[in-house]
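In: Just to be clear, the model below is a prediction. Sequence and coordinates:
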Amino acid sequence: LVGTIIGKGGKTRKDLETKYSPVSIHVSKTYKVSIRGPQDKVNECRIEILKMIASARVTQTVPIDSEQEAKLEKNDALKRITQQSHCQLTVTDGTVSVRGFFYDVRDAVSLLNEQLTGEYKSSVELSPSQFAKVSSACRDASHFQRIESATDTKVALESSTGEIQVCGKRSNVKKGKEQVYDFLSFICPGEIQRLKISQPLYVTVGSPSSLADVVANVGGTTIYLDRDISSIIIRDPEVERVKAAADLVLTKIQDAERLAFVLEIAPDEAWLISYIIGKNGGRVQALQKGSDCHVDISKESRTITITGDSQDKVAKVREGLEALVEQARKENVFLTIPEKAIPAFVGHGGKRIKDWSTEFGVEIQRIKKSAQFKIIGDGDKATAAKSALTLWVEQWKEPNSSNEMQVEKQYISAILGLKGSTAQA
């Protein structure tokens, strides 16, 4: 990120120093940036640098060996990380290159290292003055020890980067970070604020361009999306700037919620997600085409979110989405077969299923060796096939029905009789 401020051959730094002359910009060996000069010029330069950071695209590389590369390919990890972080990940010559906006890249690298090491590591950034306050407070080690004990994480101050690091299982790290922010609200009152945001608004309110707009309007502050705790983080030693930024973000959240539609998919209909995405994203791309709307799909939370710049545009895409869902439910129906009936239902080598598929013009799939079968067909074919197969199940049950009752142990021998003669009779 410091490279963004320095620029190729130092050009960006020189341009900033010229624009806000007579300021001078210094970068330490620990990559801390300091701006020196008249107060008004320093503030103006600081605002521009913060805007650059908020919207800067950066690249970070992570070395991997051949075994790790094979593991990443096998479990489709890079694809999942891309979906969660909106970064571009590529593997070349024993390294994973992660490219995107700064805070997105930071999240992607944390997810990637979790795949490689089994440990999730995240951080809470602090300004120099805030870090000094926390360092002083943490002379009493019990503050972090309480957090570690309550969340089963490791919490530590990292002086080289000026941040608090939280490590452990990802779900525990999320809890640990919440408690770290609670601690910071006590140590640095009013200087750090969390604003909860729903996942569908990550791509609108939480986008780098949207947050850079807030930075510019309040005269410079640090603001970013923390996916771990689903919050916009606002940090500044000046409490009034934090309040001003929070007001702007809250307004953006309220506006975005009016211009967003969220469809939550029930767990038993999770298959709808893949259907709506379509082959190579074809269906979701068709929904978005020419609409000026964005359709965001989260497999993790099973939500489909439509966002746009007008309610009419969002409503039109919503109609298309709901029609697509209705079509999916019509073309994909499910049938549960009694466990004992499955061999007869499937047939030798799957012959009976194949014959039924041909007869009804559908595709019949067994779901992961369970008792549930999926019937796929155009128009009314799937529904018609389900009706016919349901009738087959009922007919199978007639000669194969049985009743169960509980009998006390001492009566079993009397009911069975000698060598089962009574039961047979």
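Out: Looks like it came in fine. This structure is a prediction, so every number in the text was calculated from the model and none was measured.
In: Any figure for the gap between residue 286 and residue 362?
Out: Residue 286 sits at a distance of 24 Å from residue 362 (criterion: C-beta to C-beta, to the nearest Å). C-beta here means a position set from N, CA and C on the backbone, and glycine is covered the same way.
In: now do residue 19
Out: Separation of residue 19 from residue 362 (C-beta to C-beta): 68 Å.
In: Next: residue 59.
Out: Residue 59 sits 48 Å away from residue 362, going by C-beta to C-beta.
In: Distance from the chain centre to stretch 238-246, please.
Out: Mean-position distance between stretch 238-246 and its chain equals 28 Å (C-alpha atoms, centre = their mean, to the nearest Å).
In: tell me the mean pLDDT for it?
Out: Stretch 238-246 shows a mean pLDDT of 94.
In: residues of it that come out buried?
Out: 241-242, 244-246 (16 or more other C-beta atoms under 10 Å).
In: where's residue 189, which helix or strand?
Out: Per DSSP states H and E: residue 189 is located in neither a helix nor a strand.
In: The closest residue to it other than its chain neighbours and residue 11, how far apart?
Out: Of all residues not flanking residue 189 in the chain, residue 239 sits nearest, at 7.8 Å (C-beta to C-beta, 6 or more residues apart in numbering). Per C-beta to C-beta, residue 239 is found 36 Å from residue 11.
In: picking that back up, doesn't residue 190 make contact with the residue nearest to residue 189?
Out: Yes: assessed by C-beta atoms under 8 Å, residue 239 is found in contact with residue 190 at 3.8 Å.
In: among the buried residues of stretch 238-246, which are in helices?
Out: Members of these lying in helices (criterion: DSSP state H): 241-242, 244-246.
In: contacting residues for the residue minimising distance to the centre of the chain?
Out: For the chain, the residue nearest the mean C-alpha position is residue 84 (4.3 Å; C-alpha atoms, centre = their mean). By C-beta atoms under 8 Å, 6 or more residues apart in numbering, the contact set of residue 84 is 107-108, 111, 227, 300.
In: which one of the residues you listed is nearest residue 346?
Out: Proximity of the contacts of residue 84 to residue 346, judged by C-beta to C-beta, is greatest for residue 300, which lies at 33.4 Å.
In: The closest one falls within a strand, correct?
Out: No: counting by DSSP: H, G, I helix; E, B strand; the rest coil, residue 300 falls outside a strand, being coil.
In: And for it, the neighbour number?
Out: Per other C-beta atoms under 10 Å, the neighbour tally for residue 300 reads 9.
In: Name the residue in residue 59 and residue 362 with the higher neighbour count.
Out: Neighbours were counted for residue 59 and for residue 362 using other C-beta under 10 Å; residue 362 has more, 23 against 13.
In: And residue 287, how far from residue 168?
Out: From residue 287 across to residue 168, the span is 39 Å (C-beta to C-beta).
In: Am I right that the residue nearest to the centre of the chain sits in a helix?
Out: Yes: secondary structure of residue 84 (three-state DSSP): part of a helix.
In: how much space between it and residue 235?
Out: Separation of residue 84 from residue 235 (C-beta to C-beta): 23 Å.
In: From what I see, residue 388 and residue 364 are in contact.
Out: No: Residue 388 is beyond contact range of residue 364, at 11.4 Å (criterion: C-beta under 8 Å).
In: Looking at those two, which is more packed in?
Out: residue 364 (23 against 12).
In: Give me the distance between the helix or strand harbouring the more buried one and the centre of its chain.
Out: Per DSSP H and E: residue 364 is located in strand 363-366. Offset of strand 363-366 from its chain centre (C-alpha atoms, centre = their mean): 31 Å.
In: Stretch 244-255 now?
Out: 23 Å.
In: how about that stretch: buried residues?
Out: Neighbour-count burial for stretch 244-255 [16+ other C-beta under 10 Å]: 244-246, 248-249, 252-253.
In: same thing with stretch 34-42?
Out: The neighbour-count check on stretch 34-42 (16+ other C-beta under 10 Å) flags 35, 37, 41-42 as buried.
In: Format the residues you listed as TSV; extra columns: pLDDT and secondary structure.
Out: Shown next, in TSV, are the buried residues of stretch 34-42 (pLDDT from 0 to 100; DSSP: H, G, I helix; E, B strand; the rest coil):
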residue	pLDDT	secondary structure
35	88	strand
37	91	coil
41	89	helix
42	88	helix
